[in-house]
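Q: what follows is a predicted protein model with its sequence.
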Amino acid sequence: MNLSKYRKHFAITALALAAAAGAGAKTLVFCSEGSPENFYPGVNTTGTSFDGNEPIYNRIVEFERGGTKVVPGLAERWEIAPDGKTYTFYLRKGVKWHSHRAFKPTRDVNADDIVFGFERQWKEDNPYYKVTSTNHSYFNDMGMPKLLKAVEKVDDYTVRITLDKPEAPFLSNLAMPYAAVQSKEYADAMLKAGTPEKIDQEPIGTGPFYLVQYQKDAVVRYKAFPQYWGGKAKIDDLVYAITPDASVRWAKLQKGECHVMPYPNPADLEAIRKDPNVRVLEQPGLNVGYLAYNTQKKPFDDARVRKAINMAINKKAIIDGVYLGTGVAAKNPLPPSMSAYNDAIKDDPYDPAAAKKLLAEAGHPNGFETDLWAMPVQRPYNPNAKRIAELMQADLAKIGVKAEIKTFEWGEYRKRMQAGEHQMGMLGWTGDNGDPDNFLYTLLGCESTKGNGSNVAKFCFQPFEDLVLKAKTVSKPADRDALYKQAQVIFKAQAPWFTIAHAVQLKPVRKEVVDFKLSPFGRHNFYGVDIKE
């Protein structure tokens, strides 16, 4: 990549944006790492897409900025029935929709919009169920289709949701990106016009910013929504400058061409920390990077083979050589900051001799051939998948396992892994709601082995399943934690993953940026953020 040419192009773009914004307008530029797939969070699974959708939408409940506490969103209050199965939400009045050239709303947000948001992901006969994609990953992986009994409009500003059984993480689940509220009136108008896909390509929401322009692999532009129910944003213009290369992001941040950047290159950190114009915000990440074994494919249908591979890989060498101080070794699928984390579990030791012996016991005295999929993108939980794959490949060769490294474009990679095409593949997860269920059930439950689910290990093991399903119905946090701790013991014995690392979340931010808060979920939220003149 020609860095100077790239910078020149961006500088011209930035000047054009500033001119368009008008004199005195405050513009914040975020050097995002990739393009959003679309503007409908209900079918997305990547942080990149959620970040692109974040400024536009609200949910009925939200997470407080920088935390995991659930606070009012489009619903100003709610009631939960004593049996834990009925939730009644009371909506704010006077919440305005964005508008654009193709559509001008005639009404404020009401209960019809909330019902539409659920039914589009839940009811296969809904005309919007198949628009954009049928892959409602989050909705399905959390077991929503079976959990929901009814979603009803009581009146224009009241919605009642009835569940089949109590669900402890339900409220937190409703604050996640997939539950973004879209306009039923806009959806009906576009359906009538024969262009239903427009609601996901030219979105309108109720969020603090509205979409102005999207140029794939180049830029996403937003403007502050003056009628936002929470009060107008402090910045006027928000620009996502799409910059896939971490070193280019850092070069732009240094020059003031962007104000916030995600996913710094670990090798750049020393220089970043020394820059007097930049602060590095950091906190333990709510994440895990892992190598998933496809437990439905030979030889990985045998737990002994999975354990042998775990013991053959030198985890410390990977963390020392690739994470460079930005990660801690993972032994569980849950991050250590969660109260349900089972610290009593011992990690599999690095022991190639024991690994070879176990492989022989499993009927593979001379090893075997396999694939090893490496992610094509950088993530905090995996800063360099290709390098990690090479280190794993060398370790596996020592026990007679010949691994061929494979990769694909990111969207294709995830789709193929969710379909179970791999034998071994790297992936990771950043928590969405601060609940253990979001890791243990969403990533390792039987329901999410189906279709395009997030359980890429295709791991469905009844003793584990029973514990995580029971934990959903228990309301006392200490009792839930005890069940999750037992589930982690089973996870370790069954070894559907080689757990690699939990990354520290690091965010280089220019010093003129005021009140940017790190999200425990790794999201980027610019409402409430200001820029000093």
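A: That came through, no problem. All values derive from a computational prediction rather than experimental measurement. Residues are numbered from 1 along each chain as shown.
Q: C-alpha only now, for contacts and for neighbours.
A: Noted.
Q: show residues contacting the helix or strand harbouring Thr48.
A: Assigned by DSSP states H and E, Thr48 falls within helix 47-53. For helix 47-53, the external contacting residues (Cα atoms under 8 Å, 6 or more residues apart in numbering) are 32-41, 44, 177, 220, 522-525.
Q: tell me the strands in the stretch 101-250 of the chain, going along the chain?
A: Counting by DSSP state E, counting those that start in this stretch, the stretch 101-250 of the chain has strands at residues 148-155, 158-163, 209-215, 219-224, 237-241.
Q: any idea how far His502 is from Thr326?
A: Distance of Thr326 to His502, given as Cα to Cα, to the nearest Å: 9 Å.
Q: list the buried residues in stretch 523-533.
A: Neighbour counts over stretch 523-533 (16 or more other Cα atoms under 10 Å) mark Arg523, His524, Asn525, Phe526, Tyr527, Gly528, Asp530, Ile531 as buried.
Q: where does the prediction get shaky in the stretch 201-350 of the chain?
A: For the stretch 201-350 of the chain, no stretch is flagged by pLDDT under 70.
Q: so how far is Pro55 from the closest residue in space to Thr243 that isn't next to it in sequence?
A: Nearest non-adjacent residue to Thr243, counting by Cα to Cα, 6 or more residues apart in numbering: Glu33, 5.1 Å away. The gap separating Glu33 from Pro55 is 16 Å, by Cα to Cα.
Q: and for Thr499?
A: 33 Å.
Q: cool, and Asn382?
A: In terms of Cα to Cα, Asn382 sits 26 Å off from Pro55.
Q: can you give me the buried ones in the helix holding Thr48?
A: Gly47, Thr48, Ser49, Phe50, Asp51, Gly52, Asn53.
Q: and for stretch 207-214?
A: Neighbour-count burial for stretch 207-214 [16+ other Cα under 10 Å]: Gly207, Pro208, Phe209, Tyr210, Leu211, Tyr214.
Q: mind listing what the last one touches?
A: So the one you mean is Tyr214. Tyr214 touches Val220, Arg221, counting by Cα under 8 Å, 6+ apart.
Q: isn't there a helix covering the residue nearest to Thr243?
A: No. Using DSSP: H, G, I helix; E, B strand; the rest coil, the assignment for Glu33 is coil, not a helix.
Q: residue boundaries of the helices in the stretch 51-200 of the chain?
A: Assigned by DSSP state H, counting those that start in this stretch, the stretch 51-200 of the chain shows helices spanning 111-122, 137-141, 144-147, 170-174, 184-192, 198-201.
Q: again with the stretch 351-500 of the chain
A: So, for the stretch 351-500 of the chain - with DSSP H, counting those that start in this stretch - the helices run 352-361, 385-397, 410-418, 437-444, 462-473, 477-494.
Q: which one of those helices has the most crowded surroundings?
A: Neighbour counts (mean count of other Cα atoms under 10 Å) averaged over each of the helices of the stretch 351-500 of the chain peak at helix 437-444, with a mean of 24.
Q: other SSEs contacting that helix?
A: Judged by 3 or more Cα pairs under 8 Å, 6 or more residues apart in numbering; DSSP states H and E, helix 437-444 is in contact with helix 137-141, helix 462-473.
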